[in-house]
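In: the sequence and its predicted three-dimensional model are supplied below.
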Amino acid sequence: MSKQDSRTDAKATAQLGPLFPEAVPSTVGSNQWSGRSRKGATWTVYRGDALDVLKSLPPDHYAAIVTSPPYFWQRDYGVDGQIGMEGAVKDYVSVLTKCFDEVKRVLKKDGLLFLNLGDTYYSAKGEPKGRDRKNKGRRFGLRLVDQSGLGLPRKTLIGIPWQIALSMIARGWALRSTVIWHRKGAMPEPTAHDRPWRTYEFVFVFSRSPKYYFDRTKLEGSEDVWTISDRPQGNKGIHSAAFPSALVERCLTIGCRPGGLVLDPFAGTGTTLAAALSLGHSCVGIDLNAEYCQFMADRLSRL
């Protein structure tokens, strides 16, 4: 499937009907699934290019957005047009910030965006060899960050999360907090002999206006360092980089009004959506991978 085909499908999907049909779990079309949880919350999954589907969604509509886009040259999800395999860092930053322009449009004025991003090292040492104990999905040939000529010092941490964050600030987002997600139980990095192993990632908290919903009592003293296991639950290993439900639940309990509508524009196997439903929130997810979308629909229809 080409990127153009996926965009055409996404536009067609947007015309299929309302986001929340009254019928319980149903497949609306080959690119849209929807249903209702046992708690009465509704869910919709769209398959398509994130930017195109976002453009089809109504403005000022979602109470909270929790998402973790594909990282730069860390995984191959096997779909044409996927984000994360651009030919330069600046192109990756540009693609994501354009998506977040649309996220800003669809987010309610008093809503929050929780953005989880990890960083990438520039190795410039050629194609990785051997077995990756952390994730077999990382072994997909010669990555851009393994090649010479990227214009960076070899072995440097590229600083991609901050490049994204600064670009978003320049485009009107307010960065309200940089949460450190301490990944309890993170896998060791036995080949990293000359630096500390990575045990954390960023969760950037963005707002589109100075006043927004925030319940700080739900932080329970954890403030801006959250120690949460990095073991995902509920995806049966189908997604190689899913984040944990507990992380999403923390974001939603502090930053989403009760019953507020939740969106994840890079939904993967539906962790954000499943967590939202468990808390009584209706939700919408977008993903380019048809297998992930079908998995999400099956997963959510059981909740």
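Out: Done, it's in. Numbering: from 1, shown residues only.
In: what about the helices in the stretch 151-300 of the chain?
Out: For the stretch 151-300 of the chain, the helices defined by DSSP state H, counting those that start in this stretch occupy 160-170, 245-255, 271-278, 290-300.
In: make CSV from those helices and add mean neighbour count and mean pLDDT to it.
Out: Glycine gets a C-beta too; all of them are placed from N, C-alpha and C. What follows is those, written out as CSV (neighbours: other Cβ atoms under 10 Å; pLDDT from 0 to 100):
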stretch, mean neighbour count, mean pLDDT
helix 160-170, 17, 96
helix 245-255, 22, 97
helix 271-278, 27, 97
helix 290-300, 20, 95
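In: as a markdown table, those helices with distance to Leu152 would be great.
Out: Output for those, formatted as a markdown table (distance: least, Cβ to Cβ, whole Å):
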| stretch | distance to Leu152 |
| --- | --- |
| helix 160-170 | 11 |
| helix 245-255 | 30 |
| helix 271-278 | 32 |
| helix 290-300 | 32 |
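In: for Ala186, find the nearest of those.
Out: helix 245-255 (13.1 Å; Cβ to Cβ).
In: may I have that closest one as PDB, with CA atoms only?
Out: Extracted C-alpha coordinates of helix 245-255, given in PDB (Å, rounded to 0.1, in the frame of the first residue of the first chain):
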ATOM      1  CA  SER A 245      -1.300   1.400  30.500                       C
ATOM      2  CA  ALA A 246      -0.200   2.800  33.900                       C
ATOM      3  CA  LEU A 247       1.500   5.700  32.100                       C
ATOM      4  CA  VAL A 248      -1.600   6.600  30.200                       C
ATOM      5  CA  GLU A 249      -3.800   6.300  33.300                       C
ATOM      6  CA  ARG A 250      -1.500   8.700  35.100                       C
ATOM      7  CA  CYS A 251      -1.800  11.200  32.300                       C
ATOM      8  CA  LEU A 252      -5.600  11.000  32.100                       C
ATOM      9  CA  THR A 253      -6.300  11.100  35.800                       C
ATOM     10  CA  ILE A 254      -4.400  14.400  36.100                       C
ATOM     11  CA  GLY A 255      -5.100  16.000  32.800                       C
END
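In: any idea of the angle that helix forms with helix 271-278?
Out: Angle, helix 245-255 to helix 271-278, by axes from the mean of the first three to the mean of the last three Cα atoms, to 10 degrees: 60 degrees.
In: and Ser34, which of the helices of the stretch 151-300 of the chain is closest to it?
Out: Distance to Ser34, taken as Cβ to Cβ, is lowest for helix 290-300 among the helices of the stretch 151-300 of the chain, at 8.4 Å.
In: contacts only, for Val106.
Out: Going by Cβ atoms under 8 Å, 6 or more residues apart in numbering, Val106 touches 54, 57-62, 65, 263.
In: which of the helices of the stretch 151-300 of the chain sits closest to Trp33?
Out: When these are compared by Cβ to Cβ, helix 290-300 sits nearest Trp33, at 3.7 Å.
In: leaving out sequence neighbours, find the closest residue to Pro258.
Out: Computed as Cβ to Cβ, 6 or more residues apart in numbering, the closest residue to Pro258 that is not its neighbour in sequence is Gly280, at 7.2 Å.
In: I figured the one you found hits Gly259, correct?
Out: Yes. Contact status for Gly280 versus Gly259: in contact at 6.3 Å, counting by Cβ atoms under 8 Å.
In: and the residue nearest the centre of the chain?
Out: For the chain, the residue nearest the mean C-alpha position is Ser68 (2.2 Å; Cα atoms, centre = their mean).
In: I figured it hits Leu117, correct?
Out: Yes. Judged on Cβ under 8 Å, Ser68 makes contact with Leu117 at a distance of 7.2 Å.
In: show me where the stretch 201-303 of the chain has its strands.
Out: Assigned by DSSP state E, counting those that start in this stretch, the stretch 201-303 of the chain shows strands spanning 225-229, 262-264, 283-287.
In: turn these into CSV, columns for mean pLDDT.
Out: Output for these, formatted as CSV (pLDDT from 0 to 100):
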stretch, mean pLDDT
strand 225-229, 96
strand 262-264, 98
strand 283-287, 98
